[in-house]
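Peer 1: here you go, sequence then predicted model.
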Amino acid sequence: MKKLLILSTILMVLGIATACADNDKPIAVTQLPAKAQQFIKTHFPKEKVALAKLEQEIFETRYEVVFTSGSKVEFLKDGEWKEIDCKYSTVPTAVIPAQIAQYVSQNYPDTKVVQIDRDKRDYEVKITNGLELTFDKQFNLIDIDD
């Protein structure tokens, strides 16, 4: 009986945690962290925001901004960008680390960066010819995927 009670409690806690895990909430741009607001003003000054939302998961809080052009930017809870996806344009050059921009321009001169994603281990970059390049934190190319 005691084991059944403990098991029921564990399942209930897991159920509640799972239900709270995918909690997306629309917010105003002014509710983004100051660093994220400044990023948008600096790198996407002509874009109109279609949607800004707060994404809360169990261990992580993120923000996502979608522009009317279809481009989107994801921010971490401190306002640092995590991912930039420009579907019909290119990622602002000032955002791309210089070593990555140099590699792309030297090795793929007729392409542009349309998506960049960074995490604790690496940068993933998608260019206009469809290739996905992965760089480590020292900006060494570690993978190419098509």
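Peer 2: Great, that's in hand.

Peer 1: quick one, what contacts the spatially most central residue of the chain?
Peer 2: Nearest residue to the geometric centre of the chain (Cα atoms, centre = their mean): Glu83, 2.7 Å. If a contact means Cβ atoms under 8 Å, 6 or more residues apart in numbering, then Glu83 has 72-74, 115-118 as its contacts. Placement of C-beta: from N, CA and C, glycine included.

Peer 1: how about Lys48?
Peer 2: The neighbours of Lys48, taking Cβ under 8 Å, 6+ apart as the test, are 67-68.

Peer 1: quick revisit: so the residue nearest to the centre of the chain bridges to which residues?
Peer 2: Glu74, Asp117 (DSSP bridges).

Peer 1: got a winner among the contacts of Glu83 for most neighbours?
Peer 2: Neighbour counts for these, by other Cβ atoms under 10 Å, peak at Val73, which reaches 26 neighbours.

Peer 1: which residue ranges form the strands in this structure?
Peer 2: Across the chain, reading from the start of the chain, the strands by DSSP state E fall at 23-27, 49-56, 61-67, 72-76, 81-85, 113-118, 122-127, 132-136, 141-145.

Peer 1: including distance to Thr93 and mean pLDDT, could those strands go into a markdown table?
Peer 2: Converted to a markdown table, the strands of the chain look like this (distance: least, Cβ to Cβ, whole Å; pLDDT from 0 to 100):
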| stretch | distance to Thr93 | mean pLDDT |
| --- | --- | --- |
| strand 23-27 | 29 | 90 |
| strand 49-56 | 22 | 96 |
| strand 61-67 | 18 | 96 |
| strand 72-76 | 15 | 97 |
| strand 81-85 | 12 | 98 |
| strand 113-118 | 8 | 98 |
| strand 122-127 | 13 | 98 |
| strand 132-136 | 16 | 97 |
| strand 141-145 | 19 | 95 |
